[in-house]
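Engineer: I would like the atomic coordinates for the input below:
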Amino acid sequence: MSKFAFTLKQEDGMARLGEVHTAHGVVHTPAFMPVGTAATVKAMTTDAVAATGAEILLGNTYHLMLRPGAERVARLGGLHRFMRWDKPILTDSGGFQVMSLAKLRTLTEQGVTFQSHLDGSTHLLTPERSMEIQYLLDSDITMCFDECTPFPATEAQAATSMKLSMRWAERSRAAFIERPGYGLFGIVQGSVYPELRAFSAAALRAIGFDGYAVGGLAVGEGQEEMFRVLDFTLPLLPPDRPRYLMGVGKPGDIVGAVLRGIDMFDCVMPTRSGRTGQGFTRRGPVNIRNARHQDDPRPLDDACACPTCTGYSRAYLHHLFRAEEVLGLMLLTWHNLQYYQDLMRDLREAIAAGSVTQFAERFAATQALGDIEPL
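Structural biologist: Numbers count the residues shown, from 1 in each chain. Below is the predicted model of the structure:
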């Protein structure tokens, strides 16, 4: 088995075309990872997810440690076999979910003691335990255990949080079990403060990781501020390692981040939106519940080749959501994931052609048109 590696194939400005080589296959970047939090991409089979072009999924330490349990997943052959996905998997360390979902939590230097949001049981999650859980799950890409700094935060609060995450990053590195094809990513924190982001990036580079994530964004700071943070953070990261922007995001966020040098993304948006009636199209988002669609025989997006757009009308999708039929959630989720994978493919092709800036301009102009006129 070959080692975990990143190959930078081509650059167009700051945008990068690359490949991440893992134990379970190659991921072509820029890449979007559908979120399979609890060992499933909601409303989708893994075959359907693969059919959209997805090459890597995201799972979550917090949710899987609580149910069904990492040790149980390991006994059943690991997460790939458990969820029937033979391609790469990245697992979030669980830190964000502990902070956002746990009923009661106590943060110390050791880690976080928390009560499960499921049954109130008490657990301790430390950098060492997070690494152990992700090892048991057989994650191709393990994420360091960190504290996701809340927003807004004062510079002093952000500094305290970030420095704790850097100490935890060192412990995560020490606890990570090296094996061919498996990698560990560090997470840059520091909120919106350049000096703190620089401190964090330097600390992570000194420890040494297989990839570097930018955390603590897409938490309410807005697109302009997000891009500003990326502009001063990404030049501080090693160019020969993949760069992952956690929890992003909207299509326009992704395009802007790719232009700045991000390689990997994840977000619940395409799946969550698919379950609530929002479809992403090349002309912007569409609320399929709106009455304007009830007599419309046209597809959601006539440029999309997914089964939803090639087989079903807007009127039918509207009916499914109004009737609260599960098929509506499935069809719109499938379309949204296809839209995101098509966007990543188009970005890769544009970088390869040296025309990513022009692609971004066309993308923004088309999105600004808004949905097609009603019949």
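Engineer: C-alpha only now, for contacts and for neighbours.
Structural biologist: Will do.
Engineer: and A303, how many neighbours?
Structural biologist: The number of residues packed near A303 is 12, by other CA atoms under 10 Å.
Engineer: what helix or strand is it on?
Structural biologist: Counting by DSSP states H and E, no helix or strand carries A303.
Engineer: endpoints of stretch 13-33, how far apart?
Structural biologist: 24 Å (CA to CA, to the nearest Å).
Engineer: model confidence over that stretch, on average?
Structural biologist: Summarised as a single mean, pLDDT over stretch 13-33 is 98.
Engineer: do stretch 215-224 as well
Structural biologist: Across stretch 215-224, the average pLDDT comes to 94.
Engineer: surely G13 touches A352?
Structural biologist: No. Between G13 and A352 there is no contact under CA atoms under 8 Å: 11.4 Å.
Engineer: for those two, indicate the residue with more neighbours.
Structural biologist: Neighbour comparison, G13 and A352: the larger count goes to A352, with 17 against 14 (by other CA under 10 Å).
Engineer: which is the succeeding secondary structure element to the helix or strand where that one lies?
Structural biologist: Using DSSP H and E, A352 maps to helix 326-353. Toward the C-terminus, helix 326-353 is succeeded by helix 356-368 as the next helix or strand (DSSP H and E).
Engineer: please enumerate the helices of the stretch 1-150 of the chain.
Structural biologist: Listed in chain order, the helices found in the stretch 1-150 of the chain under DSSP state H, counting those that start in this stretch are 46-51, 61-66, 70-75, 79-83, 95-101, 127-137.
Engineer: out of those helices, which gets nearest to L320?
Structural biologist: Closest to L320 of the helices of the stretch 1-150 of the chain, according to CA to CA: helix 46-51, at 19.7 Å.
Engineer: enumerate every residue touching the most centrally placed residue in the chain.
Structural biologist: Centroid-nearest residue in the chain: D266, 1.2 Å away (criterion: CA atoms, centre = their mean). Contacts for D266 (CA atoms under 8 Å, 6 or more residues apart in numbering) come out as F32, M33, P34, V35, L58, L245, M246, G247, V248, G249.
Engineer: please name the nearest non-neighbouring residue to it.
Structural biologist: Take D266 and drop its neighbours on the chain: the residue closest to it by CA to CA, 6 or more residues apart in numbering is M33, 4.7 Å away.
Engineer: got a list of what the one you found touches?
Structural biologist: Each residue near M33 by CA under 8 Å, 6+ apart is listed here: A54, E55, I56, L57, L58, M264, F265, D266, C267.
Engineer: including distance to A360 and pLDDT, could those residues go into CSV?
Structural biologist: Formatted as CSV, the contacts of M33 follow (distance: CA to CA, whole Å; pLDDT from 0 to 100):
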residue, distance to A360, pLDDT
A54, 22, 98
E55, 23, 98
I56, 24, 98
L57, 25, 98
L58, 26, 98
M264, 17, 99
F265, 17, 98
D266, 20, 98
C267, 20, 97
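Engineer: thinking again about what came up before, and the helices of the stretch 1-150 of the chain, which one is worst for confidence?
Structural biologist: Mean pLDDT is lowest for helix 95-101 among those, at a mean of 80.
Engineer: who touches it?
Structural biologist: The contact list for helix 95-101 (CA under 8 Å, 6+ apart) reads Y62, R105, V112, F114, H117, F145, D146, E147, C148.
Engineer: could you do stretch 233-245 as well?
Structural biologist: Under CA under 8 Å, 6+ apart, the answer for stretch 233-245 is 6-8, 20, 194, 197-198, 201-202, 205, 210-215, 260-266.
Engineer: out of those, which end up buried?
Structural biologist: Using 16 or more other CA atoms under 10 Å as the burial test, the contacts of stretch 233-245 include 6, 8, 20, 194, 197-198, 201, 210-215, 260-266 as buried.
Engineer: the helix holding A352 to helix 356-368, inter-axis angle?
Structural biologist: Per axes from the mean of the first three to the mean of the last three CA atoms, to 10 degrees, the angle that helix 326-353 makes with helix 356-368 is 150 degrees.
Engineer: same question for helix 326-353, mean pLDDT?
Structural biologist: 98.
Engineer: gap between it and the chain center?
Structural biologist: Centre-to-centre, helix 326-353 and its host chain are 14 Å apart (CA atoms, centre = their mean, to the nearest Å).
Engineer: residues of that helix that come out buried?
Structural biologist: Going by neighbour count (16+ other CA under 10 Å), the buried part of helix 326-353 is 328-345, 347-348, 350-352.
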